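K.L.:
Have a look; sequence and predicted model below, questions after that.
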Amino acid sequence: MTIDKTVFIRVLGTALVASAISVSPAVQASETGAFVGGILAGKVVHNMKQRTEAEQQQAYYAQQQAQQPVQQAAPAASSQTTEQKLAELDKLAANGYITPAEYKAKRQAVLDSM
């Protein structure tokens, strides 16, 4: 709430309270209750409106984000030479990290990529 609205509400409340004081006690109680109820109802409605606007804005941004295409990183270009790739395959096979069949297939793939 801005300062202007706060000042306005306080001045209005003061004026209503001052006018209610000059009225009989029974009327004063009912008008004061109506005034306070009106203020509370206004606050509740204002909060509901803000929450609804925030939810709509959040849904809009979620929809926009979902519509954006997902960019995948391009595969990195291999900076290894053919000799380095074959040497790495030899190490993997010698240490038992790949089977002889995998070694043969990978080695053929490296040679075919030349």
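P.N.:
Received it, and whenever you're ready, just let me know what you need.
K.L.:
Output stretch 104-114 in CSV, but only the C-alpha positions, please.
P.N.:
In CSV, the C-alpha atoms belonging to stretch 104-114 read as follows (Å, rounded to 0.1, in the frame of the first residue of the first chain):
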residue,chain,number,x,y,z
LYS,A,104,38.5,-54.7,-32.1
ALA,A,105,35.3,-52.8,-32.8
LYS,A,106,36.6,-49.5,-31.4
ARG,A,107,39.9,-49.9,-33.1
GLN,A,108,38.1,-50.4,-36.4
ALA,A,109,36.0,-47.4,-35.8
VAL,A,110,39.1,-45.2,-35.1
LEU,A,111,40.7,-46.5,-38.3
ASP,A,112,37.5,-45.9,-40.3
SER,A,113,37.3,-42.3,-39.1
MET,A,114,40.6,-41.5,-40.8
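K.L.:
neighbouring contacts of it?
P.N.:
82, 85-86, 89, 98 (Cβ atoms under 8 Å, 6 or more residues apart in numbering). Where C-beta positions appear, they are placed from N, C-alpha and C, glycine not excepted.
K.L.:
which of these count as buried?
P.N.:
85, 89, 98 (16 or more other Cβ atoms under 10 Å).
K.L.:
and the host helix or strand of the second one, what's its mean pLDDT?
P.N.:
Just to be clear, that refers to Leu89. Assigned by DSSP states H and E, Leu89 belongs to helix 82-94. The average of the pLDDT scores along helix 82-94 is 91.
K.L.:
can you redo the buried ones among the contacts of stretch 104-114 as CSV with distance to Lys106?
P.N.:
Below are those laid out as CSV (distance: Cβ to Cβ, whole Å):
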residue, distance to Lys106
Lys85, 9
Leu89, 5
Ile98, 7
